[in-house]
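>>> Provide a 3D model corresponding to the input given below.
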Amino acid sequence: MKTRTQTNTVSTKVQPQIIEAEQAVIGVIISREHVLDDVISILQPEMFYDHRYRTIYEAILSLHHKRKPIELISVTQEVASMGKAEEVTPFFITQTLGASLTSVYAVEHALLIKQKYLQRKTIEFSHHVREQAYDDMEDIGDVLYRAGEQIEGLQETLIGQDEIKSLQEISQIALSELERKMKLHTSGIPAGVSTGLADLDRITSGWQKSELMVIAARPAMGKTALCLHFAKAAAMTGVPVAVFSLEMSDINLYNRLLLSECDMDAGKLKSGNIGPAELEQIEKGAMTLYKLPIYVDDNASVNLSYIRSRCRLLKKRDKCGMVIIDYLQLVSESGQYNRSREQEITRMSREAKIIAKELDVPVLLLSQLNRDVEKRADKKPLLSDLRESGSIEQDADMVIFIHRPAYYGQETKDIAGNRIKNYGELLIQKNRNGSVGVVRFTHNDTLTKIFDYK
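Sure, this is the predicted structure:
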């Protein structure tokens, strides 16, 4: 027998929803496929209130799992293959693109959609528990137990994937990694990604996974030259490298890599004044570069969210074993206009560290130094010279400065008193997981080839 102590009331309130955000997220994914990487871990199809956007999102996920391109035509065809072309028409799908003006707030919009979904589920859950509590045929202990399970489920959805590991799990991973490093050390191979400089490999054991390395210098010190040397060294060991070049075009980067394979003057490549012997060198060098897994994005106006999304996509395609960003101060701001430049740099350096940790790859972040270094007699950089924010130093696992004395008209001599031509130093002034020190190197006249100092 059922008894009630009060009458049921039906709520006239509108269900929590935010259709504008649903349209915006769907539209920006279709127009900018890489945004899916930012929201896929946040949104499930059932979180969309409007069934039409839910259907489109299901089609997008289907294309993603099939590794097919996501754009207007493919999404429209996928919806049709699902038998839902009448309820979600091509015209409706096209309309969603009108809301995709920017991808900056895609994550924020996705989180709003998730929040409204959880509000609806909480209302539904509370109503269901209320009905069961009125039912005298239900054991209240069972009602409370089931309610607890449902609350836990909602909390898990809110928090997301559980990243907590026990020490037992962590120890298994750590000891397995240690065993791998010991085997490599016995074989004389760096445990991390080879830097291409023997002394640097000795200090760092190679670039390590999940670590952020900041390589900083004043202009014309050779930041790009060093980063291309590191990229080529890694790629030659089979590690795929993603290079984000915000200053130099992909063709210019390629030409510099090509010169690193040839013994010829850079001016000849620029002018086209190439003889038969030099052409043979170029063809041979091009064949070497053709085989290297280096992927260049020379989009000059990108933010760290864009870089993070592209890296995620490349990682899924096994094309991202190391990331190089050239360079931090050229990265676009987030669009939060109430932030100072220092706050923006703080946010960006933190996000670069997140990329390294999330993808479990080394990230080399190039950065400019302020002018204070040029006020010193020896012109050697210090950690305080990191431009615009001390957070760069804080987030970095390693900070390396490039110093070339000859640029300032200073001579460098060896122990015998002989002048060293084209001499440079890498000053490791922070190394969270190792020692600091100086790595010497030399280079050719055009700074397209980097050599170990001997």
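
>>> low pLDDT regions in the chain?
Within the chain, the ranges that satisfy pLDDT under 70 run 1-12, 99-104, 156-165, 167, 170, 333-341, 387-390.

>>> and the longest strand for it?
In the chain, taking DSSP state E as the definition, the longest strand is strand 423-431.

>>> list the strands paired with that strand, with their directions.
Within its sheet, strand 423-431 is paired with strand 398-403 (antiparallel), strand 437-443 (antiparallel), according to DSSP bridges.

>>> just the CA atoms of it, as PDB, please.
Only the C-alpha atoms of strand 423-431 are listed here, as PDB (Å, rounded to 0.1, in the frame of the first residue of the first chain):
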ATOM      1  CA  TYR A 423      82.400  29.200 -31.300                       C
ATOM      2  CA  GLY A 424      79.300  29.000 -29.200                       C
ATOM      3  CA  GLU A 425      78.100  27.900 -25.800                       C
ATOM      4  CA  LEU A 426      74.900  26.400 -24.400                       C
ATOM      5  CA  LEU A 427      74.600  27.600 -20.800                       C
ATOM      6  CA  ILE A 428      72.400  25.100 -18.900                       C
ATOM      7  CA  GLN A 429      71.400  27.300 -15.900                       C
ATOM      8  CA  LYS A 430      68.400  25.200 -14.700                       C
ATOM      9  CA  ASN A 431      68.000  21.400 -14.900                       C
END
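
>>> touching that strand from outside, list them.
Residues outside strand 423-431 that contact it (C-beta atoms under 8 Å, 6 or more residues apart in numbering): 197, 200, 203-204, 222, 226, 380-383, 393, 396-406, 412, 435-443, 453. Yep, even glycine has a C-beta here, placed from its N, CA and C like the rest.

>>> mind checking the end-to-end distance for stretch 66-85?
One end of stretch 66-85 sits 20 Å from the other (C-alpha to C-alpha, to the nearest Å).

>>> in that stretch, what's buried?
Within stretch 66-85, the residues that qualify as buried by neighbour count (16 or more other C-beta atoms under 10 Å) are 70, 74-76, 78-79, 84.

>>> again, but for stretch 240-252
Of the residues in stretch 240-252, those buried (16+ other C-beta under 10 Å) are 240-246, 248.

>>> now those residues in a markdown table, with distance to Asp326 and secondary structure?
Below are these laid out as a markdown table (distance: C-beta to C-beta, whole Å; DSSP: H, G, I helix; E, B strand; the rest coil):
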| residue | distance to Asp326 | secondary structure |
| --- | --- | --- |
| Pro240 | 17 | coil |
| Val241 | 12 | strand |
| Ala242 | 11 | strand |
| Val243 | 7 | strand |
| Phe244 | 7 | strand |
| Ser245 | 5 | strand |
| Leu246 | 6 | coil |
| Met248 | 7 | coil |
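
>>> going by contacts, tell me the helices and strands next to the longest helix anywhere in the chain.
Taking DSSP state H as the assignment, the helix of the chain that covers the most residues is helix 106-134. Helix 106-134 is packed against helix 19-31, helix 36-39, helix 140-159, with contacts defined by 3 or more C-beta pairs under 8 Å, 6 or more residues apart in numbering; DSSP states H and E.
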